[in-house]
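A.B. asks: got a structure for you, letters missing:
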C-alpha cells in the first residue's frame, strides 16, 4: 500500500513501506495519488477562508466575560445575604454606619466614599473605621 507523504521541501511523495525509501511518483499505470491529493489540497485551500484568530479570541473573551459577570452576580447575592444577617445581629452598628454624619466623616477621613459592601463583615467595618481614624490622626499631626 502506498501513502502520500509531504516531504521537507513541500512536495508530495509516495512512500513504499516495503522498500523503506521515499521517492517521487513514477508509475504511469496507477493513478497518481500524490497529484490527486495535491490538487485536492490546493482546491480546498483556495475555497476555504483561513480561520481568523479574532474569531477564536472573541469567543473566548465573550465566554470569559459572561463567566465574570455570573461570578460577580453570585458575589453580590452572597454579600447582600451577609449584610442582611449583620442587620439582624448588629442593628446598632449598621444603623450608626448608615447615618449621614458617619458617611461624611468617613469620606473626609479616609479620602474615599463608604462602600456598602463593607457592611457584609463586622470585622471589615471595624478595620475600615480604625484605618480612617489613623489617616485622620496622621493628617492632623
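C.D. replies: Structure received. A quick note: this is a predicted structure, and the numbers were derived from the prediction, not measured.
A.B. asks: list the buried ones in whichever strand or helix holds residue 95?
C.D. replies: In this assignment (DSSP states H and E), residue 95 forms part of helix 91-97. For helix 91-97, burial by neighbour count (16 or more other CB atoms under 10 Å) applies to 93-94, 97. Every residue, glycine included, has its C-beta placed from N, CA and C.
A.B. asks: per-residue confidence averaged over that helix?
C.D. replies: Mean pLDDT, helix 91-97: 93.
A.B. asks: give me the contact list for it.
C.D. replies: For helix 91-97, contacts defined as CB atoms under 8 Å, 6 or more residues apart in numbering pick out 83, 86-87, 102, 114, 119, 122, 125.
A.B. asks: quick one: pLDDT of the closest residue to residue 108 other than its chain neighbours?
C.D. replies: Distances taken as CB to CB, 6 or more residues apart in numbering put residue 136 closest to residue 108, at 7.7 Å, once the chain neighbours are dropped. Looking at residue 136, its pLDDT reads 91.
A.B. asks: that older thread, let me know the closest of the contacts of helix 91-97 to residue 62.
C.D. replies: residue 83 (31.5 Å; CB to CB).
A.B. asks: is that closest one in a helix, a strand, or coil?
C.D. replies: helix (DSSP: H, G, I helix; E, B strand; the rest coil).
A.B. asks: confidence score at it?
C.D. replies: Looking at residue 83, its pLDDT reads 91.
A.B. asks: out of the contacts of helix 91-97, who's the most crowded?
C.D. replies: Greatest neighbour count in those, by other CB atoms under 10 Å, goes to residue 119: 23 neighbours.
A.B. asks: which ones are touching the nearest residue to that residue once chain neighbours are set aside?
C.D. replies: In space, and not counting its chain neighbours, residue 119 is closest to residue 83: 4.8 Å by CB to CB, 6+ apart. Residues near residue 83 by CB under 8 Å, 6+ apart: 94, 116, 119-120.
A.B. asks: cheers, nothing more for now.
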